[in-house]
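Student: Provide a 3D model corresponding to the input given below.
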Amino acid sequence: MKRPGVRMVDVAALAGVSAGTASKALSNTGQLSQETRDRVRRAAATLGFTPDARGRALSSGRTYTVALLTTDSSGRFSIPIMRGVEDVLSAGELATVLCDTRDDPLREQTYLRSLVARGVDGIVVTGRRTEPRAPIDVPLPVVYALAASTDPADASVIVDDAAGATATITHLAGLGRTRIAHITGPSDHRSAAERAQAITPALCTEPLFGEWSERWGRQATDLVLRQHPDAITCGSDQIARGVCDRLRELGHSVPDDIAVTGYDNWPVMALASRPPLTTVDLRLEDLGRRAATLLLEAIDGKPHHGVLELPTQLITRESTLGT
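Tutor: So this is what the prediction gives:
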């Protein structure tokens, strides 16, 4: 809480700097050393001083607000990304506003007009699918997260899905599995197609495309068992949980008879599965942090151009390792 009577000059005096330097340190502007910024912030915290947000905005011409524009109504992907974005922005005392377009182009345009009118400093665009999307037309810095912009001049941060899928094959091969099948989502979804394409040479049969659902996982299990696999990789944790359920119903032990891997590391599915799933973590919070960092650089006049691909992480659990 700000103490009555505490002014910027008081913070500056305690930190041993000028009032102008103290102002720059607290507004994260100017060419100051990190040591100086930290010293001013410690002084402000000691005195209980909080800069006036309205004055800060008026003096800088910024609102210190960033929007996260998403098509992911469920929050399955956008919420972890937003946590990463906020990790970076909160350090600079910026606020994040979540705008859910519900995959409605008209709603998206309404949001964009409102955000431009409100003068937000920049926008992070994300969604629930990884297909490249058309860029938004706004006079603001923009970074695309999870789904790249179709304009190569834009800044985009995406996940290396092919490497993530390959990591599951490497893991299974290291466990001595030689007959690997693959069950995944719709063939017209970039994430399903890219993951399947990366591992097809290592499979004992063609990948099976279907739905992102436990039901499809159960149905497809009956089909792939005709090929006598000793491992089944899945394009999502939902599918993998359905596979594990069906294998158990048919009397197959996971992983003793057949090892199973998922994809996404969605705790609701991966940890609740019987057994818990070995899966690929998309590291969405890291993706959000990187997108926010690029956006701050663009706001400061140093925009990034092109697509940045971030690594995934294989999380090993009982569905391949056993108890």
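Student: what's the pLDDT at the nearest residue to T70 once chain neighbours are set aside?
Tutor: Nearest in space to T70, with sequence neighbours left out and distances taken as C-beta to C-beta, 6 or more residues apart in numbering, is S78 at 4.0 Å. Quick note: C-beta positions are derived from backbone N, CA and C, even for glycine. For S78, the model assigns a pLDDT of 92.
Student: so S78 touches T126, yeah?
Tutor: Yes. Taking C-beta atoms under 8 Å as the definition, S78 is a contact partner of T126 at 5.6 Å.
Student: so how far is G127 from R62?
Tutor: 26 Å (C-beta to C-beta, to the nearest Å).
Student: got it, and T233?
Tutor: Here the criterion is C-beta to C-beta. By it, T233 lies 25 Å from G127.
Student: what's the answer for H305, then?
Tutor: Look at H305 and G127: by C-beta to C-beta, they are 21 Å apart.
Student: quick one, which of these two is more surrounded?
Tutor: More crowded of H305 and G127, by other C-beta atoms under 10 Å: G127, with 21 against 11.
Student: so who does the closest residue to that one other than its chain neighbours touch?
Tutor: Nearest residue to G127 in three dimensions, chain neighbours excluded: T71, at 3.8 Å (C-beta to C-beta, 6+ apart). Neighbouring residues of T71 by C-beta atoms under 8 Å, 6 or more residues apart in numbering: 100-103, 108, 126-129.
Student: quick check: K24 touching S18?
Tutor: No. The criterion here is C-beta under 8 Å, and K24 misses it with S18 at 9.4 Å.
Student: the two - which one has more neighbours?
Tutor: Counted by other C-beta under 10 Å, K24 and S18 do not tie: K24 has more neighbours, with 18 against 12.
Student: what helix or strand does the more buried one sit in?
Tutor: Under the criterion of DSSP states H and E, K24 resides in helix 19-26.
Student: tell me which residues of that helix are tucked away?
Tutor: Under the neighbour-count criterion of 16 or more other C-beta atoms under 10 Å, helix 19-26 has 21-26 buried.
Student: related to what we said a few turns ago, residues touching the residue nearest to T70, list them.
Tutor: With C-beta under 8 Å, 6+ apart, S78 has these contacts: 68, 70, 72, 98, 100, 126-128.
Student: would TSV of those with pLDDT, distance to G217 and secondary structure be doable?
Tutor: Shown next, in TSV, are these (pLDDT from 0 to 100; distance: C-beta to C-beta, whole Å; DSSP: H, G, I helix; E, B strand; the rest coil):
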residue	pLDDT	distance to G217	secondary structure
L68	96	31	strand
T70	96	27	strand
D72	91	22	coil
L98	94	31	strand
D100	95	28	strand
T126	96	26	strand
G127	93	24	coil
R128	91	19	coil
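Student: list buried residues within those residues.
Tutor: When those are checked for burial by 16+ other C-beta under 10 Å, the buried set is 68, 70, 72, 100, 126-128.
Student: distance to D257 for those - can I get that in TSV?
Tutor: Shown next, in TSV, are those (distance: C-beta to C-beta, whole Å):
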residue	distance to D257
L68	44
T70	41
D72	36
D100	43
T126	39
G127	38
R128	34
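Student: any chance you could map the strands in the chain?
Tutor: 65-70, 95-100, 122-126, 142-145, 155-159, 180-184, 208-209, 231-234, 259-261, 279-281, 306-310, 313-315 (DSSP state E).
Student: follow-up on the earlier one: which of the contacts of S78 sits closest to A291?
Tutor: Nearest to A291, judged by C-beta to C-beta, of the contacts of S78 is T126 at 7.8 Å.
Student: circling back: any shared contact partners between S78 and T126?
Tutor: Joint contacts of S78 and T126 (C-beta under 8 Å, 6+ apart) are 68, 70, 72.
Student: who touches the last one in this structure?
Tutor: It refers to D72. So D72 contacts 78, 100, 126-128 (C-beta under 8 Å, 6+ apart).
Student: mind doing that once more with 10 Å?
Tutor: 78-79, 81-82, 100-103, 126-129, 146 (C-beta atoms under 10 Å, 6 or more residues apart in numbering).
Student: got TSV for those, with distance to H171 too?
Tutor: Below are those laid out as TSV (distance: C-beta to C-beta, whole Å):
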residue	distance to H171
S78	29
I79	28
I81	26
M82	30
D100	36
T101	37
R102	37
D103	34
T126	28
G127	29
R128	27
R129	26
L146	24
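Student: which parts of stretch 62-80 are buried?
Tutor: For stretch 62-80, burial by neighbour count (16+ other C-beta under 10 Å) applies to 62, 64-72, 77-80.
Student: my bad, should have said stretch 274-287
Tutor: Across stretch 274-287, burial judged by 16+ other C-beta under 10 Å covers 275-287.
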